[in-house]
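A.B. asks: Got a predicted structure here, sequence first:
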Amino acid sequence: MAPKFPSPANLEFLLAHFAANPGTETGQAAAAMALHTLRGMATGGMYDQVGGGFARYSVDEAWVVPHFEKMLYDNAQLARVYLHGYQLTGDGGFARVVHETLEFLLREMQDPAGGFYAALDADSEGIEGKYYLWTVPELEQVLGPDAPLAMAWYGVTPEGNFRDPHHPELTGRSVLTARPDIEDLERRFGLSQDEILDRIEEIRERLFYARQERVPPGLDDKVLTDWNGLALAAFAEAARVLEEPAYAMAATRLAEFLRANLWRDGVLYHTWKAGEARVPGMLEDYTYLGLGLVELYKTTGDLAWLDWARDLWEAALARFRDPQTGTFFDTASDAEQLIVRQRSFSDAATPSGNGAAALLGLWLGRYYGPAEWERVVEDVVAAVADHLLRAVTGFGTILHAMEFALAPHREIVIVGDPSARAPFEGVLAARYLPFTVVAPTADAEGLPLFEGREPAGRALAYVCENMACMAPTESPADLERQLGPAPAFA
């Protein structure tokens, strides 16, 4: 059915369900659905084949023609799903999408202070999509003799695939896709697959610079805390998995920006622009940022970020939680009084506030120890139990939290300075471990699971189940053996 919206929360749940049930038919089917969707989006026109990043949604059933608006929250969430797809499959195409999407955010949506802007408009020069569309003559002008290969790769035809009844002058323009028949291209152009891929990369770069001469879409340059929390998680996790220091720097700079500009006297603010923070934060601000800080801690080993996540969580418990049901309101208890104080359980374009709270409580409960933090998920699930099966696609985040709650308690502690920890962290980065507490540390202080695991002049890794650990290892190969075989997707 059209239009088709990306659904990162449901895709994350499907991958997490596979991780929890890899040997079952449902687990395999869940992964197959998610990976099929990821490949469909990445090769269609909803993904910007020239500049990276995803548009808001597809107006057709095949992910070809998008609504061209680019939102921070879509790109942050989808970058993480593709990252997890890469961990699960080793498919370098997924890693490429992550790189290109995050590079797009850094290039076009980052404020000089370190935060990320909300959105790029769909329109340029008052016409939706004009910036992104191509005609055959335009390709010929930019690419010369390489134009036929580009047309075949990107699906550009004289008729075009884009129609806008309000702008008939756009007839003959194409949204670029990347769904070629490689064997046909090899025959037609007398090139090997590797030669074709090299030529396409050169073509893409030339198109990118040619497109830079066009009038760009408008920019929504406000910085929103909740969406930036999603971006923080994406950059931090991608830095760890892809071993990309620039992403770690961007994540750390973003967290420092948010702490300096939007966190005052125990209150988180929702929006920032031109040096001014405004509007006390809502539940999503606290939970999304908290989840991003968990990922930043996993990447850096700096416990200060995890401690800030705990502060945000404790503030959410105090100011947003309903003492009667244990669920969370969208607005704080000291916010402007509304006729109805709403709660969000179903996902929209972003995770539901209660679903994100359940995930944050699980993570912080497993790091810091309070079992009641983990039990938040029980209250959230109880509130929607009657609705889950009737509208299952609306509750991906809560379903993900349920998988997490049911998963064995597994912790991996890596003790040593950052350079010594790196080989162990590389072992973990290669695996999709959605429910594993990863705890890097230089001094083994500040968390219950560090007790008795002080550094001994060398890097050590501990694999633990519910805080009971195997003998430590100083060999990454031994860590591989202790973790056991990675779940295989057939």
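C.D. replies: Nice, I can see it.
A.B. asks: which SS state does the spatially closest residue to M151 that is not a sequence neighbour fall under?
C.D. replies: What sits nearest to M151 in space, not counting adjacent residues and going by C-beta to C-beta, 6 or more residues apart in numbering, is L139, at 6.1 Å. (Each C-beta comes from the backbone N, C-alpha and C, glycine too.) Three-state call for L139 (DSSP: H, G, I helix; E, B strand; the rest coil): helix.
A.B. asks: Give me the distance between the nearest residue to G218 once chain neighbours are set aside and S58.
C.D. replies: Distance criterion C-beta to C-beta, 6+ apart; nearest residue to G218, sequence neighbours excluded, is D121 at 3.9 Å. D121 sits at a distance of 18 Å from S58 (criterion: C-beta to C-beta, to the nearest Å).
A.B. asks: Please say which of those two ends up with more neighbours.
C.D. replies: Just comparing D121 and S58: by other C-beta atoms under 10 Å the higher neighbour count belongs to S58, 25 against 15.
A.B. asks: For that one, grab phi and psi.
C.D. replies: Backbone torsions for S58, taken as degrees, to the nearest 10, come to phi -100, psi 140.
A.B. asks: One more: E128?
C.D. replies: Main-chain dihedrals, E128, degrees, to the nearest 10: phi -70, psi 130.
A.B. asks: Quick one: residues contacting it.
C.D. replies: 67-68, 122, 164 (C-beta atoms under 8 Å, 6 or more residues apart in numbering).
A.B. asks: What number of residues are in the vicinity of D164?
C.D. replies: When neighbours are counted by other C-beta under 10 Å, D164 comes out with 16.
A.B. asks: in the protein, which segments are predicted with low confidence?
C.D. replies: Applying pLDDT under 70 to the chain flags the ranges 490.
A.B. asks: One more pass at 90, please.
C.D. replies: In the predicted model of the chain, residues 1-2, 163-171, 333-341, 369-370, 388-390, 444, 452-458, 466-469, 486-490 satisfy pLDDT under 90.
A.B. asks: the residue most distant from the middle of it, which is it?
C.D. replies: The outermost residue of the chain, judged against the average C-alpha position, is G190 (39.0 Å), by C-alpha atoms, centre = their mean.
A.B. asks: So that one versus M1, what's the distance?
C.D. replies: Relative to M1, G190 is positioned 42 Å away (C-beta to C-beta).
A.B. asks: T177 and G45 touch, don't they?
C.D. replies: Yes - contact criterion C-beta atoms under 8 Å: T177 and G45 qualify, at 5.2 Å.
A.B. asks: Residues in contact with both of these two, list them for me.
C.D. replies: Shared contacts of T177 and G45, defined by C-beta under 8 Å, 6+ apart, comprise V64.
A.B. asks: who's more crowded, the two?
C.D. replies: Shown here are T177 and G45; by other C-beta under 10 Å, G45 has more neighbours (30 against 21).
A.B. asks: Pull up the gap between the more buried one and S58, please.
C.D. replies: Taking C-beta to C-beta, one finds G45 at 7 Å from S58.
A.B. asks: any residues in contact with both of these two?
C.D. replies: With C-beta under 8 Å, 6+ apart, G45 and S58 have common neighbours 64-66.
A.B. asks: now, among those, which is nearest to V463?
C.D. replies: P66 (43.8 Å; C-beta to C-beta).
A.B. asks: Would you list the phi and psi of M282?
C.D. replies: Torsion angles at M282 (phi, psi; degrees, to the nearest 10) stand at phi -100, psi 180.
A.B. asks: G172 versus Y269, what's the distance?
C.D. replies: Distance of Y269 to G172, given as C-beta to C-beta: 48 Å.
A.B. asks: what's the answer for W305, then?
C.D. replies: W305 is 51 Å from G172, where distance means C-beta to C-beta.
A.B. asks: rewinding a little: now, the shared contacts of G45 and S58 that are in helices?
C.D. replies: Among the shared contacts of G45 and S58, none falls in helices (DSSP state H).
A.B. asks: quick one: contacts for the residue nearest to L460 when sequence neighbours are not counted?
C.D. replies: In space, and not counting its chain neighbours, L460 is closest to P472: 4.2 Å by C-beta to C-beta, 6+ apart. The contact partners of P472, by C-beta under 8 Å, 6+ apart, come to 415, 453, 460-462.
A.B. asks: what about 7 Å?
C.D. replies: 460-462 (C-beta atoms under 7 Å, 6 or more residues apart in numbering).
A.B. asks: Same check on F208?
C.D. replies: 50-51.
A.B. asks: Okay, and it sits in which element?
C.D. replies: Assessed by DSSP states H and E, F208 sits inside helix 193-211.
A.B. asks: can you check V279 too?
C.D. replies: Here V279 is assigned to strand 276-280, by DSSP H and E.
A.B. asks: mind listing what's buried in that strand?
C.D. replies: For strand 276-280, a neighbour-count test (16 or more other C-beta atoms under 10 Å) marks 277, 280 as buried.
A.B. asks: Also stretch 103-120?
C.D. replies: Buried residues in stretch 103-120 (16+ other C-beta under 10 Å): 104-105, 108-111, 114-120.
A.B. asks: which residues sit against that stretch?
C.D. replies: Residues from elsewhere that reach stretch 103-120 (C-beta under 7 Å, 6+ apart): 51-53, 69-72, 75, 217, 219-224, 227-228, 231, 250, 253-254, 256-258, 272.
A.B. asks: Roughly how far does L312 sit from L254?
C.D. replies: 15 Å.
A.B. asks: What of A356?
C.D. replies: For A356, the distance to L254 equals 18 Å [C-beta to C-beta].
A.B. asks: can you check F235 too?
C.D. replies: In this view, F235 and L254 are 7 Å apart by C-beta to C-beta.
A.B. asks: higher neighbour count, those two?
C.D. replies: Between F235 and L254, counted using other C-beta under 10 Å, the more crowded position is F235 (30 against 25).
A.B. asks: just checking, that one touches M249?
C.D. replies: No - F235 is beyond contact range of M249, at 8.9 Å (criterion: C-beta atoms under 7 Å).
A.B. asks: Flag every buried residue along stretch 457-471.
C.D. replies: 459-464, 469.
A.B. asks: Kindly apply the preceding question to stretch 353-369 instead.
C.D. replies: 353-368.
A.B. asks: One more: stretch 307-315?
C.D. replies: 308-313, 315.
A.B. asks: Sort out for me which of the residues you listed are in helices.
C.D. replies: Residues of the buried residues of stretch 307-315 located in helices (DSSP H): 308-313, 315.
A.B. asks: Extract the C-alpha trace of stretch 34-49 and format it as CSV.
C.D. replies: The C-alpha trace of stretch 34-49 is given here as CSV (Å, rounded to 0.1, in the frame of the first residue of the first chain):
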residue,chain,number,x,y,z
ALA,A,34,13.6,-6.5,8.2
LEU,A,35,16.5,-7.0,5.8
HIS,A,36,14.2,-7.1,2.8
THR,A,37,12.8,-3.8,3.8
LEU,A,38,16.2,-2.3,4.4
ARG,A,39,17.4,-3.3,1.0
GLY,A,40,14.3,-2.0,-0.7
MET,A,41,14.6,1.4,1.0
ALA,A,42,18.3,1.7,0.3
THR,A,43,18.0,1.0,-3.4
GLY,A,44,15.0,3.2,-4.0
GLY,A,45,14.5,6.9,-4.4
MET,A,46,13.5,7.5,-0.8
TYR,A,47,17.3,7.2,-0.2
ASP,A,48,19.3,10.0,-1.7
GLN,A,49,21.6,8.1,-4.0
